[in-house]
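Enquirer: what would the 3D arrangement of this be:
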Amino acid sequence: MIKIKPELFWVMDYYPDQGLSKGEYYDQVAREIEIAEKLGFRGVWIAEHHFIDYGIVPNSPIYLSHIATRTKSIRIGPAVSTIVFRNPIQVAEDYSLLDVLSNGRVNLAVGSGYLKHEFAGFNVSQEYKREIFDEALDIILKLMKGEKITVNGKYFKFDNIGINVLPVQKPHPPIWIAVLRAEAAYHVGKKGFNLMMIPYATIDKIDDIKPVIDSYREGLKEVKGSLPEISLAFHAHVSSTFHSAVEENKEYIHRYVFSRLYAKRRTLDELYNSGLLLLGSPEDVANQICKIWKLTEVNRIMFLVDYGMKPFNLVAEILTDIREKVNQKLERKGIELDFAE
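Expert: The predicted structure follows:
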């Protein structure tokens, strides 16, 4: 039986006209995560964004600390920590402390960012983001390993510095790197890191994902003994039929699509035909997951269920349907969503 770890991802896109304050929405998502843990989802990922309501978690470790106090076993992490905007010492400190407070439950996904207004807001040049990212990540990993470092880099300079709280997980929490293109995927593989990707934001149709994953695995060939993991995120809406899923989902996906910045505008029909949404009856969604696995042999899928500020009860219903109905259909096809017991 092929096993895929089911996880969840929240962009935390917020719309003030939907009747909830930001505090109330933070609490709603926390309650959704509590249900996810009871259902056996393996991990939750929270996006980090700045300055506008496209995503309202500007500091992931603070919100994830709150989630850690409300859960016991589910793994938690940012998707992603945009490390080019932060002092790498503080990133290492924040996630080391979070790993201690959560008893070793942190997954750390990092990226170099892509939203123009965030680079402008932090006064960071997008032209040099890859160089800054590489320098920062090297510092973060060394500090989390407990090393004292002296750095005289192009972007960071530190003299004999170490951090005073180290993570529970050794040598550091598992690292994922988010990518937007095949070339970047190759370099992630070459370094032996786990790969994270949101196909909706990157490609036009699901078949386009294969070259990206193939490029990643080509890079992995240069890393001996490495068994990295691939985590892909898909918007998901499960209902009794494809038609009812389309009708129920229309309001929320439309709100979400038109909140995205700099992304290609697609009609809903284009989105449905792209294969980039997990949408429909349990059988429909199971078939879509099968296709994704055949293209990628992915070992983790992040279900993005709460977008467009779906109501709590609807999110809870979809999470339950993924656990019970979608998984049942998948098992008949030789694939199992590997929920925790």
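
Enquirer: my guess is P282 meets R323, correct?
Expert: No - if you go by CB atoms under 8 Å, P282 and R323 don't touch, sitting 10.7 Å apart. Glycine gets a C-beta too; all of them are placed from N, C-alpha and C.

Enquirer: pretty sure P211 is touching A182, no?
Expert: Yes - counting by CB under 8 Å, P211 does reach A182; the two are 5.2 Å apart.

Enquirer: more crowded one of these two?
Expert: A182 (19 against 13; other CB atoms under 10 Å).

Enquirer: which residue is the nearest non-sequential neighbour of that one?
Expert: Of all residues not flanking A182 in the chain, S215 sits nearest, at 4.1 Å (CB to CB, 6 or more residues apart in numbering).

Enquirer: quick one, what contacts the one you found?
Expert: A182, E183, A185, Y186, G189 (CB atoms under 8 Å, 6 or more residues apart in numbering).

Enquirer: centre-most residue in the chain?
Expert: In the chain, the centroid-proximal residue (CA atoms, centre = their mean) is A79; its distance is 4.0 Å.

Enquirer: quick check: phi and psi at that residue.
Expert: phi -140, psi 80 (degrees, to the nearest 10).

Enquirer: that one contacts E7, correct?
Expert: No - applying CB under 8 Å as the test, A79 and E7 come out as separate, 9.5 Å apart.

Enquirer: shared neighbours, the two?
Expert: Common neighbours of A79 and E7, using CB under 8 Å, 6+ apart, are W45, M302.

Enquirer: report how many residues lie close to F258.
Expert: A count of nearby residues for F258, using other CB under 10 Å, gives 10.

Enquirer: sorry, slip of the keys, the one I care about is T267.
Expert: 10.

Enquirer: one step back: make a ChimeraX selection of the buried ones in the contacts of S215.
Expert: This is how ChimeraX selects the buried members of the contacts of S215, with burial counted by 16 or more other CB atoms under 10 Å:
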select :182,185,186,189
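
Enquirer: how about D13, nearest residue that isn't a chain neighbour?
Expert: That would be S259: by CB to CB, 6+ apart, it lies 5.4 Å from D13.

Enquirer: give me the neighbour count for the one you found.
Expert: 18.

Enquirer: ok, now how distant is it from H117?
Expert: Using CB to CB, to the nearest Å, we find S259 at a distance of 13 Å from H117.

Enquirer: which residues touch stretch 319-337?
Expert: If you take CB under 8 Å, 6+ apart as the criterion, stretch 319-337 is touched by 1-6, 8, 32, 35-36, 39-41, 236, 238, 282-283, 285-286, 289-290, 293, 301, 303, 305, 339.

Enquirer: any idea of the mean pLDDT in that stretch?
Expert: Averaged across stretch 319-337, pLDDT comes to 98.

Enquirer: now stretch 19-31
Expert: Stretch 19-31 shows a mean pLDDT of 98.

Enquirer: on that earlier part again, look at the residue nearest to A182 and report its pLDDT.
Expert: Confidence at S215, expressed as pLDDT, is 93.

Enquirer: which element follows whatever helix or strand it lives in toward the C-terminus?
Expert: Using DSSP states H and E, S215 falls within helix 209-220. Next helix or strand after helix 209-220 toward the C-terminus (DSSP H and E): strand 230-238.

Enquirer: shaky segments in the stretch 201-341 of the chain?
Expert: Residue ranges of the stretch 201-341 of the chain with pLDDT under 70: 226, 261-265.

Enquirer: that one: strands as residue ranges?
Expert: 230-238, 277-280, 300-304, 335-337 (DSSP state E, counting those that start in this stretch).

Enquirer: can you add mean neighbour count and distance to W45 and give those back as a markdown table?
Expert: Converted to a markdown table, the strands of the stretch 201-341 of the chain look like this (neighbours: other CB atoms under 10 Å; distance: least, CB to CB, whole Å):
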| stretch | mean neighbour count | distance to W45 |
| --- | --- | --- |
| strand 230-238 | 25 | 8 |
| strand 277-280 | 24 | 16 |
| strand 300-304 | 23 | 6 |
| strand 335-337 | 19 | 16 |
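
Enquirer: sweet, I'm off.
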